[in-house]
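Student: Just a sequence and a predicted model for now, questions to come.
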Amino acid sequence: MADPLWTSDAVALATGGIASARFDVSGVTFDSREVGPGDLFVALKGEATDGHRFAAQALAAGAAGVLASEPVEGSHVLVTDTAAALDALGRAARARTGAQVIGVTGSVGKTSTKEALFAALDRPAPGTTHRSLKSYNNHVGVPLSLARMPAASGFGVFEMGMNHPGELAALTRLVRPHVALVTAIAPAHAEFFADEGAIADAKGEIFQGLEPGGIAIVPFDSPHRDRLAAAARPHAGRIVTFGLEAGADVRPVEMMRTAMGGTFVTARIGTRELSFTVGQPGRHWVSNALAVLAAVDAVGGDLALTGLALAELGGLAGRGARLTVAVPGGEALVIDESYNANPSSMRATLGVLADEPGRHVAVLGEMRELGEAGPGYHAALAAPILDARIEAVLLVGEAMAPLADALAGRVRCVHVPDAATALARLPAMLAPGDAVLVKGSNAVGLARVVAGLSAGAGAGTS
């Protein structure tokens, strides 16, 4: 029988709580809808609701016990503050493991790079690598992901995000990575920062939590490379750069597009070379792959098996997954990039669409948290849209008005207020053989458009 993830005594010791009974824990969650048998349900108190209201529901669903700050019926560990207790449990998980830990942040590519790292490191010995699931990268998601890490893990890969200065500094001190990686800097959450340099400074906070002698990995091609390196220097034993340009420590010496849309790459990693295929299309994915190689090399992983993992890596839901959907008279390709969007990632994925065969259609949701510069960022997407030879554009959200104005008379353009209206209008815009990009900030809800197309909302519509 496998050792439990936690015992009630271990949870009580880590959190300073009192266990009502002895129980073993196989998982940890704060969402009562996700509770499975053996889980520890953390009853967090938020602005909108109180997790204690769902304690009985969690226990009925099979939870082994509840981490609570007020008495509940059933097995529990009673603490003063459940949010602080979750932090403490995360710290205890980090303290007890001998795993090599990698922290990942950046304005774009965090989750994709984290998943690619997991695939690469777990391939030689499946089940020995732990990573944060979904996009659990904030002040609640990071300690939860740590608390879920088995003590015997060989590697841990943790995504860390932020939208205000100081947030990453706190998260990285929980994770205490041996390797800290910044994927790229772009104007995401720009409304909270004076300029892009300030965003780079906030991302550079990840280096503050590096373990002694740890390795910082920095994007060579970024205009903020030197700024990031300066942030890393007081904390890192070594700084490694990756990128497409000559001069990076990990860089391509040859790139060739494959028949399947990916890229064949011969990369130099220090003094070594590795030839491999990046299965996912786009230059941004080549950059992600180089970052993965740098991180795997930093923790002593197998580079050859990393190449195989990168070749087989599929797109994630909302982040590049490719779906074939029914449209009147046939089928169309949908590229699902519905999870998030900023000016940099919009340009990158429009470039991917440009390389697809067939007629090009784009469903683009507004980009949130861009502040006063938002109208200009939206209007500036006209150029990459035209470069991608897009024949029909469906724009979603009020903030897309400047782009609609910039495209007027240049391409067929429909502007709608919300995702529900977009789904109602889209089928009539599609034809067999189309390649359709769906991308926007997550709050716009374009995942519903993808789900509707997948469910056949377009079939039989003219």
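Tutor: Perfect, I can see it now.

Student: In three-state terms, label Leu426 for me.
Tutor: Following DSSP: H, G, I helix; E, B strand; the rest coil, Leu426 is assigned to helix.

Student: Can you report how many residues neighbour it?
Tutor: Residues lying near Leu426 (other C-beta atoms under 10 Å) number 25. Quick note: C-beta positions are derived from backbone N, CA and C, even for glycine.

Student: In space, what's closest to it - neighbours in sequence excluded?
Tutor: Distance criterion C-beta to C-beta, 6 or more residues apart in numbering; nearest residue to Leu426, sequence neighbours excluded, is Leu394 at 5.8 Å.

Student: Which positions within the helix or strand hosting Thr306 qualify as buried?
Tutor: Take DSSP states H and E as the rule and Thr306 turns out to sit in helix 303-312. Neighbour counts over helix 303-312 (16 or more other C-beta atoms under 10 Å) mark Leu303, Leu305, Thr306, Gly307, Ala309, Leu310, Ala311 as buried.

Student: okay, these in TSV with pLDDT and distance to Thr82 next?
Tutor: As requested, those are arranged in TSV below (pLDDT from 0 to 100; distance: C-beta to C-beta, whole Å):
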residue	pLDDT	distance to Thr82
Leu303	96	42
Leu305	96	40
Thr306	97	39
Gly307	96	43
Ala309	95	37
Leu310	95	39
Ala311	94	43
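
Student: that older thread, give me the contacts around the helix holding Thr306.
Tutor: For helix 303-312, the external contacting residues (C-beta atoms under 8 Å, 6 or more residues apart in numbering) are 116, 119-120, 123-124, 262, 269, 272, 274-279, 289, 292-293, 296-297.

Student: Relative to the whole chain's centre, how far out is that helix?
Tutor: A distance of 20 Å separates the centroid of the chain from that of helix 303-312, by C-alpha atoms, centre = their mean, to the nearest Å.

Student: Toward the C-terminus, what is the element adjacent to that helix?
Tutor: Note on helix 303-312: by DSSP H and E, the next helix or strand toward the C-terminus is strand 321-327.

Student: After that next one, which helix or strand is next?
Tutor: Where DSSP H and E defines the elements, the next helix or strand beyond strand 321-327 is strand 330-337.

Student: Just the ones of the contacts of helix 303-312 in helices?
Tutor: Taking DSSP state H, the ones among the contacts of helix 303-312 that sit in helices are Ala116, Ala119, Ala120, Ala289, Val292, Leu293, Val296, Asp297.

Student: what about the last one, neighbour count?
Tutor: Using other C-beta under 10 Å as the criterion, Asp297 is surrounded by 22 other residues.

Student: Next: the fourth one.
Tutor: A count of nearby residues for Ala289, using other C-beta under 10 Å, gives 32.

Student: which residues touch it?
Tutor: Ala116, Val265, Ala267, Phe276, Val278, Leu310.

Student: Per-residue confidence, it, what does it come out as?
Tutor: The score at Ala289 is 97. That number is its pLDDT.

Student: can you check Ala373 too?
Tutor: If you check Ala373, the pLDDT there is 89.

Student: wait, doesn't it sit right on Pro187?
Tutor: Yes - at 7.2 Å, Ala373 and Pro187 qualify as touching, with contact defined as C-beta atoms under 8 Å.

Student: Neighbour count for those two, which is higher?
Tutor: Set side by side, Ala373 and Pro187 give different neighbour counts by other C-beta under 10 Å, the larger being at Pro187 (21 against 14).

Student: what about that one, which helix or strand?
Tutor: Going by DSSP H and E, Pro187 is not part of any helix or strand.

Student: How much space separates it from Ala379?
Tutor: 14 Å (C-beta to C-beta, to the nearest Å).

Student: and the closest residue to Gly166 other than its chain neighbours, how many residues sit next to it?
Tutor: Distances taken as C-beta to C-beta, 6+ apart put Glu205 closest to Gly166, at 7.3 Å, once the chain neighbours are dropped. When neighbours are counted by other C-beta under 10 Å, Glu205 registers 22.

Student: what sits against Glu205?
Tutor: Met162, Pro165, Gly166, Glu167, Leu168, Ala169, Thr172, Ala231.

Student: Farthest-apart pair in these, please.
Tutor: Glu167 and Ala231 (14.9 Å; C-beta to C-beta).

Student: Show me which of these two is the more surrounded one.
Tutor: Neighbour comparison, Glu167 and Ala231: the larger count goes to Ala231, with 23 against 17 (by other C-beta under 10 Å).

Student: Contact partners for the nearest residue to that one once chain neighbours are set aside?
Tutor: If the residues on either side of it in the chain are set aside, Ala231 comes closest to Gly204, at 3.1 Å by C-beta to C-beta, 6+ apart. For Gly204, the contacting residues are Val182, Arg227, Leu228, Ala230, Ala231, Ala232, by C-beta under 8 Å, 6+ apart.

Student: what about Gly204, which SS state?
Tutor: Going by three-state DSSP: Gly204 is helix.

Student: how close does it sit to Ala169?
Tutor: In this structure, Gly204 and Ala169 are 10 Å apart, going by C-beta to C-beta.

Student: picking up where we left off before, for Met346, state which of the buried residues of helix 303-312 is nearest.
Tutor: Proximity to Met346 was ranked across those by C-beta to C-beta; first place goes to Leu310, at 23.8 Å.

Student: can I see the domain layout of this structure?
Tutor: Here the domain assignment for the chain is 6-85, 97-312, 321-454, based on automatic domain parsing.

Student: between the ones you listed, which gets nearest to Arg91?
Tutor: With respect to Arg91, and counting by C-beta to C-beta, the nearest of the domains of the chain is domain 97-312 at 6.2 Å.

Student: which ones are touching the closest residue to Ala291 other than its chain neighbours?
Tutor: Ranked by C-beta to C-beta, 6+ apart and with sequence neighbours excluded, the top spatial neighbour of Ala291 is Phe242, at 5.0 Å. Listed by C-beta under 8 Å, 6+ apart, the contact set of Phe242 reads 217-220, 248-251, 287, 290-291, 293-294.

Student: likewise Asp418?
Tutor: Asp418 sits next to Val396, Gly397, Val444, Gly445 when contact means C-beta under 8 Å, 6+ apart.

Student: So which residues of the stretch 101-250 of the chain form helices?
Tutor: Assignment of helices within the stretch 101-250 of the chain using DSSP state H, counting those that start in this stretch yields the ranges 110-122, 141-147, 167-175, 196-203, 225-232.
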